[in-house]
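**Q** Fold the stuff below for me.
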Amino acid sequence: MSTWTSKQGLWALAVLGWAMGLPLAAGAETLPKAVVLRAEGLTVQGPAGYCPDPATLKQTAGAATLLLGRCTDQAEAPPAVITVTFGRGGSASAMTVGGEEMAAFFASEAGRKSLSRRGRASDVSITSARSVGDLFLFRVSDRAEGVYWRGMTALAGRTISIKVSGPALEEAASRTLVEDTARALRRANR
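**A** Residues are numbered from 1 along each chain as shown. Here you go, the predicted structure:
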C-alpha cells in the first residue's frame, strides 16, 4: 500500500472516530494538550475539551494541517472535528483586504471552488459571512460535506483556517468552537 493511500486511510478512520464520539487517536485514551510545529514555530492548542492529534499532521511546502478532537472519550465537549490549516509564511497578507473583500472572494466561483471538497464551485454556497474582531467567519454549505462554520485569521505571519464539523453539532455551537479555537491558538502563540 502506498504512503499516500495509508495516510488517506488514517484520515478516514480519524473522521469515523469523531462521528462515534471517540477521541481522534485510535486506541489512545487521551490526546496531548498541545502540539508544537517546530518548522513553523507554532503551537497548536484547542479550546477546552479539544486536543490536537499528532497522528493527523500533514505538512507540505511550508503549510500544515492538523485535526483536533475531543481530548478523551470521556470529554464533556460535543463530538466534533476541528481542522486547523496554517498557510505558508507570509500568507497572512491575504487577510489585510478585510471582511467585505474576503466575503466577495469566497462567494465568487474561484472562492467557492477553493472551498469545495470535490473542487466544484457549483457544490458550494456561502450562507453567512461576517468579521468578528480579527476573525473572518463564514458558514459554508457543501453538497459533499454538509453545512459547517469556517473562520480565517492571521497568526505569526500566516493565514490560519479553522473548520468545525460534527455529526449533531448545532449551528451556534459550531460557530462558538471556531471562535474559541482562534482564541486558544492566539493564547498558545503569545
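**Q** Moving C-terminal from the lowest-mean-pLDDT helix or strand in the chain, which element do we reach first?
**A** Lowest by mean pLDDT, DSSP states H and E among the helices and strands of the chain is helix 3-19, with a mean of 43. Sequence-wise, the next helix or strand downstream of helix 3-19 (DSSP states H and E) is strand 34-37.
**Q** Buried residues, that next one. List them.
**A** Counting neighbours by 16 or more other C-beta atoms under 10 Å, one finds that the buried residues in strand 34-37 are 35, 37. To be clear about C-beta, it is placed using only N, CA and C from the backbone, and glycine gets the same treatment.
**Q** what pairs with it, and is each one parallel or antiparallel?
**A** strand 42-45 (antiparallel) (DSSP bridges).
**Q** C-terminal to the strand it pairs with, what's the next element?
**A** With elements assigned by DSSP H and E, the helix or strand that comes after strand 42-45 is strand 50-52.
**Q** Next secondary structure after that following strand?
**A** Strand 50-52 is succeeded, C-terminally, by strand 58-60 (DSSP H and E).
**Q** Quick one: list the elements packing against that next one.
**A** strand 63-70 (3 or more C-beta pairs under 8 Å, 6 or more residues apart in numbering; DSSP states H and E).
**Q** So for the strand it packs on, mean pLDDT?
**A** What strand 63-70 shows for mean pLDDT is 93.
**Q** Then stretch 124-133?
**A** 92.
**Q** Could you pull out the buried residues of it?
**A** Within stretch 124-133, the residues that count as buried by 16+ other C-beta under 10 Å are 124-126, 129, 131.
**Q** what's the closest of the residues you listed to residue 146?
**A** Closest approach to residue 146 among these (C-beta to C-beta): residue 124, at 11.4 Å.
**Q** and that closest one, backbone torsions?
**A** phi -120, psi 140 (degrees, to the nearest 10).
**Q** give me the low-pLDDT residue ranges for the protein?
**A** Low-confidence segments of the chain (pLDDT under 70): 1-29, 75.
**Q** what residue lies at the spatial centre of it?
**A** residue 83 (2.4 Å; C-alpha atoms, centre = their mean).
**Q** Quickly list what it is bridged to.
**A** Taking DSSP bridges, one obtains residue 67, residue 163 as the residues bridged to residue 83.
**Q** hang on, it packs against residue 65?
**A** Yes. Counting by C-beta atoms under 8 Å, residue 65 is a contact partner of residue 83 at 6.6 Å.
**Q** Phi, psi for residue 128 please.
**A** According to degrees, to the nearest 10, residue 128 has phi -160, psi 140.
**Q** what bridges to it?
**A** Residue 128 has these beta-bridge partners by DSSP bridges: residue 139.
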